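> Using only what follows, build the 3D model:
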Amino acid sequence: MKGIYTGLLLAHVVVSAAPSIVSYRAEIHDRTGNKVAVDIAISTGANVWQKPVHTIERGGGERVSGIGLVSSDGRAVSSRVERVGLLDRIVCNEPVWDYRIHYVVEANDPGPARIPLAVPEIPTGGAAGSVTVTFYPASQEVILGDTFPAFQRDGAGLFVAELSNVPNHVQLASWRTGEAGFRERWVTPATLSDLVVIALLVIGSITRAIMRRKQEA
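This next block holds a predicted model:
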């Protein structure tokens, strides 16, 4: 009897404990034209999220359609979408802890595409790399220009960004290798930040050399 009571108590603690996002994996699949498909896998670990709510902010005039949720075993999760100004609130009608969100974004032309992400209304664990965003380009011969957050290309030709918190959107500007000019290839936030770091290192080296010569004079 004592063992049964202990088991029920532990089960109650697991279910009622305050949930947080343990893992958030967003995949952005490039489609034809200006449309991308977004698939997000979310896990709260052992703690059940009793009243799940996510928000999608359409801050750049982009259009979001086909919003749906499924559990890890492929079962459709009952949910509804509430429009509040520029926000789409995805409200789940049942508890979840391991599930996926899917929708399609039609971004505005021209310029970098703004891809909104479904942001959970509970915090992430804050661990480095607990949030990843992966961009799947339609062609392997693609480069990224003005992007947010900073993406790194992996060996498979995908672009990956690792974060500790969920951003409300991703900004992507991509070109085929043959279509990209000098500005698209080199005048990017990542390149400019690297140039700033190099310039600071050079200035620091010159300053130290001048101070050393003054001390020796």
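> rest of the way, CA atoms for contacts and neighbours
Will do.
> Okay, the spatially most central residue of the chain and Ala156: tell me how far apart.
When CA atoms, centre = their mean is applied to the chain, the residue found nearest the centroid is Val133 (4.1 Å). Val133 sits 15 Å away from Ala156, going by CA to CA, to the nearest Å.
> lowest confidence element among the helices and strands of this protein?
helix 2-16 (a mean of 40; mean pLDDT, DSSP states H and E).
> elements contacting the helix or strand immediately after that one in the chain?
Downstream of helix 2-16, the first helix or strand assigned by DSSP states H and E is strand 23-30. Packing partners of strand 23-30 (3 or more CA pairs under 8 Å, 6 or more residues apart in numbering; DSSP states H and E): strand 35-43, strand 131-136.
> How far does the shortest one sit from its chain's centre?
Read it as strand 131-136. 6 Å (CA atoms, centre = their mean, to the nearest Å).
> what is the orientation angle of that strand with strand 35-43?
Relative orientation of strand 131-136 versus strand 35-43 (axes from the mean of the first three to the mean of the last three CA atoms, to 10 degrees): 150 degrees.
> so for strand 131-136, what's the average pLDDT?
The average pLDDT within strand 131-136 is 95.
> List the strands paired with that strand, with their directions.
Sheet pairing of strand 131-136 (DSSP bridges) gives strand 23-30 (parallel), strand 159-163 (antiparallel).
> Serialize those strands to a markdown table and add fields for mean pLDDT and mean neighbour count.
Output for these, formatted as a markdown table (pLDDT from 0 to 100; neighbours: other CA atoms under 10 Å):
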| stretch | mean pLDDT | mean neighbour count |
| --- | --- | --- |
| strand 23-30 | 95 | 20 |
| strand 159-163 | 94 | 18 |
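> So which of the ones you listed is nearest Val96?
strand 23-30 (13.6 Å; CA to CA).
> Determine how far that closest one lies from the middle of the whole chain.
7 Å.
> who are the neighbours in contact with the closest residue to the residue nearest to the centre of the chain other than its chain neighbours?
Sequence neighbours aside, Ala26 is the residue nearest to Val133 in space, at 4.7 Å (criterion: CA to CA, 6 or more residues apart in numbering). By CA atoms under 8 Å, 6 or more residues apart in numbering, the contact set of Ala26 is 38-41, 131-134.
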